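Q: below: sequence and its predicted model.
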Amino acid sequence: LIEAQRSMEREYSRLRQAETRHRLLFQVALEAVVVVDASNSKIVEANPAAAEILGDAERRLAGRSFRELFEGRSRRTLDALYSKLDAAGHAEEFPVHVLGAGRALRISASQFREGRSVYYMVRLLPVELDNASISEQRRKSRVFEFVESSPDGFVVTDMKGAIVYANRAFLDLVQLTSEPQALNEPLDRWLGRPGVDFSLLATQLREHQTLKLFSTSLRGEYGSTTDVEICAVAVPEGGDPYCGFSIRDVSNRLPVDRRVANTVGDRPRSVEQLTGLVGRVPLKQLVRESTDMIERLCIEAALELTGDNRASAAEILGLSRQGLYAKLHRHGIAEIGGSPAPNARN
């Protein structure tokens, strides 16, 4: 019994030493290695080299889905890799791209078992880039810098409107201080007509993939409102399309009278200005504004027909002279074409 106990202790000691050597080798290896649970595609272990090449901390990789670390097309490649592993036990040289960074990798893997569980040991190798590929990556990097520094807002969302990227100009328009405040938030949160504008944008992008010069406004976090024009494009990314929105501030381009009419509380002076308020003010207020606009237009037309004769204008409109003067005062109509004020005639 004592000899059996000593034998077990020696065996445990050898196992602990072997595990220590394995852990040390796993940590110091220059080759990126990830151990993936075959049942759910989640990462069980990843060495520092893998954490570096995947652009994340080692402790944060454990428990994450391995598929989510790669772009949409690469996820289909991983599905093919898993199928080959289940059929043959090993797979070689599958090209993939890391999500976000766009880094090209070659992966190979082997299947192994621990008890009743099945795991994949995946090796990640960076693709050796030729001069043309390096130039392409640098070009894309410069394009990204241009987008980030653009004076126009630029936002990337999924088809549900959740923001995955926003540049500095967009953050300024909606009065945010940093990009994380916008990430995963719905773009509809800041559009002028909540529940309406983004639905129209998404419908157009689903049907035509592009959209030009969509007029709306952006609401800032602290109450500012900016008139903007939006151009958009939908780009398929695997099975999940993404939408890019270029947002330009056009408030300085609008005529002064339209900017005044677009301010809540100011009265519109034309049908175009009135319809421009749809979605910005309640329907009850729109009806009141349209009634005032029609009344003003009718009074101005009557004054022009009668040569600014208030008595004749009141008769044409079916009003008393006092009633007409009250409406003239309410609408701010003092004189037409340089004629004297109401109290100077009739």
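A: Thanks, I have it. Everything numeric in this text was worked out from a predicted model, so none of it was measured. Numbering: from 1, shown residues only.
Q: show me what the longest helix along the chain packs onto, helices and strands only.
A: Longest helix in the chain by number of residues, with DSSP state H as the criterion: helix 2-28. Secondary structure elements in contact with helix 2-28, counted by 3 or more Cβ pairs under 8 Å, 6 or more residues apart in numbering; DSSP states H and E, are absent; no helix or strand qualifies. Every residue, glycine included, has its C-beta placed from N, CA and C.
Q: what's the next secondary structure element after that helix?
A: Towards the C-terminus, the helix or strand next in line after helix 2-28, according to DSSP states H and E, is strand 32-37.
Q: now the element after that following strand, going C-ward?
A: If you walk from strand 32-37 toward the C-terminus, the next helix or strand you reach (DSSP H and E) is strand 43-46.
Q: I'd like the average pLDDT over whichever helix or strand comes after that following strand.
A: The first helix or strand that comes after strand 43-46 along the chain, using DSSP H and E, is helix 48-54. The predicted model assigns helix 48-54 a mean pLDDT of 82.
Q: buried set for helix 48-54?
A: By 16 or more other Cβ atoms under 10 Å, the buried positions in helix 48-54 come out as 49-51, 53-54.
Q: just to revisit the earlier point, and the angle for the longest helix of the chain with strand 32-37?
A: Using axes from the mean of the first three to the mean of the last three Cα atoms, to 10 degrees, the inter-axis angle of helix 2-28 relative to strand 32-37 is 120 degrees.
Q: centre of the chain to helix 2-28, how far?
A: Per Cα atoms, centre = their mean, to the nearest Å, the displacement of helix 2-28 from the mean C-alpha position of its chain is 53 Å.
Q: what's the mean pLDDT across it?
A: Over the span of helix 2-28, the pLDDT mean works out to 81.
Q: hang on, the earlier thing: out of the buried residues of helix 48-54, who's nearest residue 226?
A: Relative to residue 226, the closest of the buried residues of helix 48-54 is residue 54; by Cβ to Cβ it sits at 39.1 Å.
Q: any idea how far the spatially closest residue to that closest one that is not a sequence neighbour is from residue 105?
A: Once flanking residues are discounted, residue 54 sits nearest to residue 69: 5.7 Å by Cβ to Cβ, 6 or more residues apart in numbering. The spacing between residue 69 and residue 105, counted by Cβ to Cβ, to the nearest Å, is 10 Å.
Q: try residue 88
A: Separation of residue 88 from residue 105 (Cβ to Cβ): 21 Å.
Q: the two: who's more crowded?
A: Set side by side, residue 88 and residue 105 show more neighbours around residue 105, with 19 against 11, by other Cβ atoms under 10 Å.
Q: tell me the pLDDT at that one?
A: The confidence metric pLDDT takes the value 84 at residue 105.
Q: equivalent analysis for residue 267, please.
A: As summarised for this prediction, residue 267 has a pLDDT of 52.
Q: which residues of the protein score low on pLDDT?
A: 57-59, 101-102, 128-142, 237-240, 253-286, 334-346 (pLDDT under 70).
Q: try it again at 90.
A: 1-35, 38-41, 43-118, 121-346 (pLDDT under 90).
Q: next, the closest residue to residue 215 other than its chain neighbours: secondary structure please.
A: If the residues on either side of it in the chain are set aside, residue 215 comes closest to residue 229, at 5.7 Å by Cβ to Cβ, 6+ apart. Three-state secondary structure (criterion: DSSP: H, G, I helix; E, B strand; the rest coil) places residue 229 in strand.
Q: state the distance from residue 229 to residue 218.
A: Going from residue 229 to residue 218 by Cβ to Cβ gives 11 Å.
Q: neighbour-wise, which of these two wins?
A: Between residue 229 and residue 218, residue 218 has the larger neighbour count (other Cβ under 10 Å), namely 22 against 16.
Q: next, that one: secondary structure please.
A: Per three-state DSSP, residue 218 ends up strand.
Q: that one reaches residue 228, doesn't it?
A: Yes: with contact defined as Cβ atoms under 8 Å, residue 218 reaches residue 228; the gap is 5.4 Å.
Q: overlap in contacts of those two?
A: Taking Cβ atoms under 8 Å, 6 or more residues apart in numbering as the contact criterion, the common neighbours of residue 218 and residue 228 are 153, 173, 247.
Q: among those, which are in strands?
A: For those, the ones inside strands are 153, 247, with DSSP state E as the criterion.
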